[in-house]
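Colleague: Below is the sequence, then the predicted model.
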Amino acid sequence: MSSSAEDTTIKPKQKKQAASSLEEVEETVSRISSHKGVLGVMIISEKGNIIHSQGENLLLDRASVVLKVKQYAKAFFSGKEEDSNENNDVDGLSFIRIRTQQQELLIAPSNEYMLVVLHNPLISNIEKSIM
């Protein structure tokens with residue numbers, strides 16, 4: 001066997017880690033989705049590919065827009081007009097929240113992925129006012 005073929009072989013330990021990571025991701029998405037007012041949850045890659053989604057289709061249609069929001073926010077806080085690809089870290093950008101009267105978009109970026117939640121804050125506020 002050539003050494004390049006050996007390098008691409010996935011070891012059983014790596015498979016277990018990947019499976020447990022996937023289970024953790026699905027568990028986290030399910031937990032977030034169960035909160036009142038959550039309309040959808042999506043995980044997208046740094047390039048805008050949808051890794052996982054649950055709920056509202058509106059998020060699926062707007063994955064590329066969410067990616068641009070992150071890029072614009074990063075450019076705004078770094079003081080640069082354009083986001084250079086020299087350094088792919090998020091430069092301390094940890095959370096973005098955009099709210100309208102009816103919905104809010106919550107974005108938690110990391111170096112490789114973004115967690116995106118579409119939420120209707122009115123649903124949780126109505127229940128609080130009833131209690």
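Modeller: Received it, and whenever you're ready, just let me know what you need. It should be emphasised that the depicted structure is a prediction, and the values quoted were computed from it without experimental measurement. Numbers count the residues shown, from 1 in each chain.
Colleague: now the strands for this protein?
Modeller: 38-45, 50-55, 96-99, 104-109, 113-119 (DSSP state E).
Colleague: Remind me what the first one packs against, helices and strands.
Modeller: By that I understand strand 38-45. Packing partners of strand 38-45 (3 or more C-beta pairs under 8 Å, 6 or more residues apart in numbering; DSSP states H and E): helix 12-33, strand 50-55, helix 57-61, helix 63-78, strand 113-119. Bear in mind the C-beta positions are built from the backbone N, C-alpha and C, glycine included.
Colleague: As CSV, the ones you listed with mean neighbour count would be great.
Modeller: CSV is the format used below for the helices and strands packed on strand 38-45 (neighbours: other C-beta atoms under 10 Å):
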stretch, mean neighbour count
helix 12-33, 11
strand 50-55, 15
helix 57-61, 13
helix 63-78, 16
strand 113-119, 21
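Colleague: Let me have the ones you listed in CSV, extended by mean pLDDT and distance to Arg99.
Modeller: Below are the helices and strands packed on strand 38-45 laid out as CSV (pLDDT from 0 to 100; distance: least, C-beta to C-beta, whole Å):
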stretch, mean pLDDT, distance to Arg99
helix 12-33, 73, 17
strand 50-55, 85, 18
helix 57-61, 76, 15
helix 63-78, 86, 13
strand 113-119, 91, 9
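Colleague: okay, these in a markdown table with distance to Phe95 next?
Modeller: A markdown table is the format used below for the helices and strands packed on strand 38-45 (distance: least, C-beta to C-beta, whole Å):
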| stretch | distance to Phe95 |
| --- | --- |
| helix 12-33 | 14 |
| strand 50-55 | 19 |
| helix 57-61 | 17 |
| helix 63-78 | 10 |
| strand 113-119 | 10 |
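Colleague: so which of those gets nearest Ile96?
Modeller: helix 63-78 (5.4 Å; C-beta to C-beta).
Colleague: tell me the angle the closest one makes with strand 38-45.
Modeller: Angle between the axes of helix 63-78 and strand 38-45 is 80 degrees (criterion: axes from the mean of the first three to the mean of the last three C-alpha atoms, to 10 degrees).
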